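**Q** structure of the sequence below:
(one chain, ligands or ions: 1)
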Amino acid sequence: MPYRRYVLDIDRLRADIPAYSDTTGQSPVFLDSAGSSLPPRVVLDTVISHLRREAEIGGYRAAAERLDDLDAARSDIATLINAAPASIALSDSASRSWSDFFYSVPLEPEDRILISGSDYASNAIAALQRARVTGATVETIPSDSTGQLDLEALADMVDDRVKLVSLLHVPTNGGLINPVAEATAIAHRVGALVLLDACQAVGQIDIDVTDLGVDALSATGRKWLRGPRGTGFLYVRPEVCRDLEPGRLDLRGAAWIDPAEYRVADDATRFEFSECDVAARLGLGAAVRYLLDLGPAAVYSAISDNAEYLRLHLPGIPGVSVHDLGTRFAGIVSFTVTGRDPLEIRDRLRESDVTITASHRASTLLDMTARGLDTVLRASPHAFVSTGELDRFLDALDAAITRGD
Ligand SMILES: *Cc1c(COP(=O)(O)O)cnc(C)c1O
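**A** Numbers count the residues shown, from 1 in each chain. Purely as a prediction, here's the structure:
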């Protein structure tokens, strides 16, 4: 890890969370930041107060009052991933961002699209659809013996017919961190574009798009960034952006300058549409600012420590197997319980106010099929989860397993 171990004031962090401070008694054990995390109070207040303001004076005037904050949301996201603000397009989800870029890449018959072994269903579906329409092919980059993306296999696969490589930074179903910078360098040798799905990475591991070298990156607001649902963003490398006309445009991404002419925006706003949920977007800005103020490095190392703690202790519970792949691990801990229905375990934990989720084969079909897995349980502790709560989860899991025997 490139960062030092920083100390985070976890009491302050927890005091900022409505879900903790507004309950009396024992706090809920929340282990689903890979699904949809708990926001800090500033995010909730930002969204609600903007909705109120819209109801008072109408959405146009309410938005006009917050233009600086909307700009700040874009530039704070840029700061977080070391990009220029003009390279960020705000959107309403990671998948929207991913497909906005993907569907803009010109493809011809015989062109090749490479996807990752741990690729996400929505990305694979889009690739298959585009291949059917254009006559391009979709091929999978194999995984190596550790389960991460196989760089040697990728180097052997690429040729100048490869137009786009879809990389997964951290998959949805486990703690794997793929070697993105190395894979990007290989793809660039043949001039292929690299689109990085960083949905499970942004907000929990350090991301520097300049170091990674990717041409585009998509991410969501609601997971590790702790923003509102229905928010996301796309980063597009400026050199690539200039030559890539989005597949769909509206009056935000382009200007109607003559009866028969339009001009596409110079920067990544060409990938934006005009209408959006302004309150949610302001909420996303508040979430990113909150993270920057805390110090991302401190947050990332706390997440990593929490996940390591679970990886250390889960195997001590009879019947539990941890399934995370790779050599570097992120904050998602995936596991199964021998002979037990994962959904039943998940629901039993819910009765003890412990939230974990399940990740199904259909979300990461290639990887789960290759490993013979149908459903894995997924615990994804953010920095705000205390060690005491991790222990409560481990105890509740042990009890749920024992009770079912
Ligand atoms: C959640 C997730 C997505 C989709 O994010 P949306 O905001 O729902 O579009 C994409 N890729 C990965 C790896 C994910 O985990």
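**Q** which ones are touching the residue of the stretch 251-400 of the chain found nearest the ligand?
**A** Here the residue of the stretch 251-400 of the chain nearest the ligand is S363; by Cβ to the nearest ligand atom that distance is 7.7 Å. In this view, the C-beta of every residue, glycine as well, is placed from N, C-alpha and C. Residues near S363 by Cβ atoms under 8 Å, 6 or more residues apart in numbering: Y120, A121, T172, N173.
**Q** separation between the residue nearest to R371 when sequence neighbours are not counted and T79?
**A** Counting by Cβ to Cβ, 6 or more residues apart in numbering, R371 lies nearest to H323, which is 7.3 Å off, once chain neighbours are set aside. Per Cβ to Cβ, to the nearest Å, H323 is found 34 Å from T79.
**Q** so between the two, which is more surrounded?
**A** Using other Cβ atoms under 10 Å, the more surrounded residue of H323 and T79 is H323, with 20 against 16.
**Q** please spell out the segments of this structure that come in under the pLDDT threshold.
**A** Along the chain, the parts satisfying pLDDT under 70 run over 1-6, 22-23, 404-405.
**Q** up against the ligand, what does it have?
**A** Neighbours of the ligand within the chain, by Cβ under 6 Å from any ligand atom: S93, A94, S95, Y120, P171, T172, D197, C199, Q200, T220, G232.
**Q** I125 is in contact with L365, correct?
**A** No. Look at L365 against I125 with Cβ atoms under 8 Å: they stay out of range, at 9.9 Å.
**Q** report the secondary structure state of R226.
**A** With DSSP: H, G, I helix; E, B strand; the rest coil as the basis, R226 sits in coil.
**Q** skipping its backbone neighbours, what lies nearest it in space?
**A** With Cβ to Cβ, 6+ apart, the residue lying closest to R226 is S37, at 4.5 Å.
**Q** distance check, the residue of the chain most remote from its centre against P246.
**A** Outermost residue of the chain with respect to the C-alpha centroid, by Cα atoms, centre = their mean, is P259; its distance is 40.7 Å. Distance of P259 to P246, given as Cβ to Cβ: 22 Å.
**Q** wait, isn't I17 in contact with L44?
**A** No. Between I17 and L44 there is no contact under Cβ under 8 Å: 9.5 Å.
**Q** look at these two and report which has more neighbours.
**A** Using other Cβ under 10 Å, the more surrounded residue of I17 and L44 is I17, with 20 against 17.
**Q** need phi/psi at that one.
**A** Torsion angles at I17 (phi, psi; degrees, to the nearest 10) stand at phi -100, psi 110.
**Q** cool, and Y235?
**A** Torsion angles, degrees, to the nearest 10, at Y235: phi -100, psi 130.
**Q** for it, give me its contacts.
**A** Contacts of Y235 (Cβ under 8 Å, 6+ apart): A78, I81, A83, S87, I88, A89, V209, V214, A216, L217, S218, A268.
**Q** in the stretch 251-400 of the chain, which spans are helices?
**A** 278-294, 296-313, 342-351, 365-370, 387-404 (DSSP state H, counting those that start in this stretch).
**Q** with the stretch 51-200 of the chain instead?
**A** Using DSSP H, counting those that start in this stretch, helices in the stretch 51-200 of the chain cover 59-65, 67-80, 94-102, 121-134, 151-157, 180-189.
**Q** what packs against the fifth one?
**A** Contact here means 3 or more Cβ pairs under 8 Å, 6 or more residues apart in numbering; DSSP states H and E; on that basis helix 151-157 packs against strand 137-141, helix 180-189.
**Q** ok now the longest one, how far from the chain's centre?
**A** Right, helix 180-189. Centroid separation between helix 180-189 and its chain, computed with Cα atoms, centre = their mean, to the nearest Å, is 20 Å.
**Q** next, the angle strand 137-141 makes with that helix.
**A** With axes from the mean of the first three to the mean of the last three Cα atoms, to 10 degrees as the basis, helix 180-189 and strand 137-141 are set at 140 degrees to each other.
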